[in-house]
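Colleague: A predicted structure for the sequence below; I have some questions about it.
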Amino acid sequence: MPNRKLSSGAANKQHVIMSNINCSTNTQMTSNCTDLGTKRSNYSTPYVNGMTFFYILIIATSLTAYGIVIATVCVNRRLRTTCNYFIVSLGIADLMIVSMVIPIGIGLIQGTFRFKSAEQCVFLSTVNLVSLSAVSLNLCTVSMERYFAIAFPFKYEAFTTTKTTAGVIGAVWAYSLVAALLPMMGWRARPAALRNNVCLNDNVESYTLFMAIGSFFIPAFIMLSTNTIVYRIATSQAKRVFRIVPVMGPSAEKLRKNFRAAKRISLIVGAYLLCWVPHMVVLVMGLIIGARNIPLFVYPITLSLQYSCSAVNPCLFCFTNREMRGTLKRLAWRVLRRTPNITHSSNGGLALERRRSTAHRMSQATDISTLGSKGDSKTTVGVCPTDFSA
C-alpha cells in the first residue's frame, strides 16, 4: 500500500492517478486537485510489484484471448453474426485499455513514466474515457441484440442488417468520443495543466455524474432488464416447444442455440457488473460524502477490479461459445499438423519435404483440370478466408 505519511488528499490522488491517467477522477469527486508527484518512493515495494504483476497479467490475458476471438471470427463464416460483430467492437475497446491505458498506469506506479505536456495528459485521459464508455455501450448492444433475437424472432432478420449493425457500432463509438471530449469543449472548472508529472484536469461534479449515468448506470439497467426478459422468454419457449414437438430438426437446434446464447450473455453481463459496480459506487460515494472520506485502500482495489474486466470478457467469449471452441480446436490442429514440416531439424527430413513439394508441383503441371480444381480449393487460404472447413 502507499506510504501513509502522505496526506489523505494526496494519497487519494495517487491511487486514482491510474484511473484516468491523471487525477481527474479524483477532481471529478472533489473540486480541487493538489500538487502531487509520482515518485516510486511514494509506494511500498510489495505494492508496486503486486500491482505491476496483476496489470501485466491482465494485458497478456486480454491480448491472447481477444486474438483468439478475432481469429476465430475471421476464419469461420458461421461466427460472423451480428452478436459477434458487437463483441469484436467490444474487443477493440478493451484492447485500447490494455494497450494504452494500463501500461501508462504501470509506468506511473513504478515512477518510470513522465508526461511531456498537458496535451499528452488530455489525450490519454480522453482515450481512457472513450474506451471505458465503449466497453459499457458495446456490452449493452450485445444484450439488446439477444433480446431482439429471442423476443422478436420473425422481425430479427429484417432488423439486424449489415447497415443497421454498422450504424449501431458507429453510434456507440461516436457517443463515447463526444462524451469524452466534453471537458475539452468547456465542461470543466479550468484548463488542464501538468505539474510535477501529474495531470491536473479539474472536471466539475456534474460531468462526473453525467459520465456515471450515461456510460454505466443506464447501460447496466438496460443489460439487467433485457437479460432478465431474455432468460424468461428462452426458458418458457424451451419448455413449451419441447413438450409439444420432438427435440429434433433445425427449429429445435436454433432454439437450443438461442438459449445457450442467452445464458452466455447473462454470464458475461454478470461478470461485467461484478467488475464495474464497486468502482462506480465509490465514484458516486465520493461525490456525495467527499473523496477524502473514503479509505485509501478502496481506490486501487476497485480500479484493478474494473480493469480486470478487459481480461475476463474474452475468456468468457472463448470458453462459453461452442462454435468458437470448435473453430479454435480445428485451427490448432491445422497448425500442429504443419509444424513438423516447418520445423524439422533433420536434413533428410527437409530433403524429403523438398522432394514431395517438387513432385506435387509436377503433378499439378501435368493435369490442367486438376490444377484448376486445386486452385479453387485454395480460395479459402489467406488472412480472413470466407469459410473454414476442416
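Modeller: In hand now; what should we look at? Numbers count the residues shown, from 1 in each chain.
Colleague: what's the helix or strand where Leu108 lies packed up against?
Modeller: Per DSSP states H and E, Leu108 falls inside helix 102-110. Counting contacts by 3 or more CB pairs under 8 Å, 6 or more residues apart in numbering; DSSP states H and E, helix 102-110 packs against helix 45-75. Where you see a C-beta, it was placed from the backbone N, CA and C, and this is true even at glycine.
Colleague: mean confidence score for the helix it packs on?
Modeller: In this model, helix 45-75 has a mean pLDDT of 88.
Colleague: and Leu182, how far is that from Thr112?
Modeller: To Thr112, Leu182 is 31 Å away according to CB to CB, to the nearest Å.
Colleague: So for those two, which sits in the more crowded spot?
Modeller: Set Leu182 next to Thr112 and count neighbours by other CB atoms under 10 Å: Leu182 wins out with 15 against 10.
Colleague: can you pull out the strands in the stretch 101-250 of the chain?
Modeller: Using DSSP state E, counting those that start in this stretch, the strands of the stretch 101-250 of the chain run over residues 193-195, 198-200.
Colleague: follow-up on the earlier one: between helix 45-75 and the helix holding Leu108, find me the angle.
Modeller: If you take axes from the mean of the first three to the mean of the last three CA atoms, to 10 degrees, helix 102-110 sits at 170 degrees to helix 45-75.
Colleague: Give the buried residues for helix 102-110.
Modeller: Residues of helix 102-110 classed as buried: 102, 104-109 (neighbour count, 16 or more other CB atoms under 10 Å).
Colleague: same deal with stretch 50-60?
Modeller: Across stretch 50-60, burial judged by 16+ other CB under 10 Å covers 51, 54-55, 58-59.
Colleague: In a markdown table, list those residues along with distance to Gly186.
Modeller: Listed next are the buried residues of stretch 50-60 as a markdown table, based on distance: CB to CB, whole Å:
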| residue | distance to Gly186 |
| --- | --- |
| Met51 | 35 |
| Phe54 | 37 |
| Tyr55 | 34 |
| Ile58 | 34 |
| Ile59 | 35 |
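Colleague: returning to what we had before: next, format the buried residues of helix 102-110 as JSON lines and append distance to Leu273.
Modeller: Listed next are the buried residues of helix 102-110 as JSON lines, based on distance: CB to CB, whole Å:
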{"residue": "Ile102", "distance to Leu273": "21"}
{"residue": "Ile104", "distance to Leu273": "26"}
{"residue": "Gly105", "distance to Leu273": "23"}
{"residue": "Ile106", "distance to Leu273": "26"}
{"residue": "Gly107", "distance to Leu273": "30"}
{"residue": "Leu108", "distance to Leu273": "28"}
{"residue": "Ile109", "distance to Leu273": "27"}
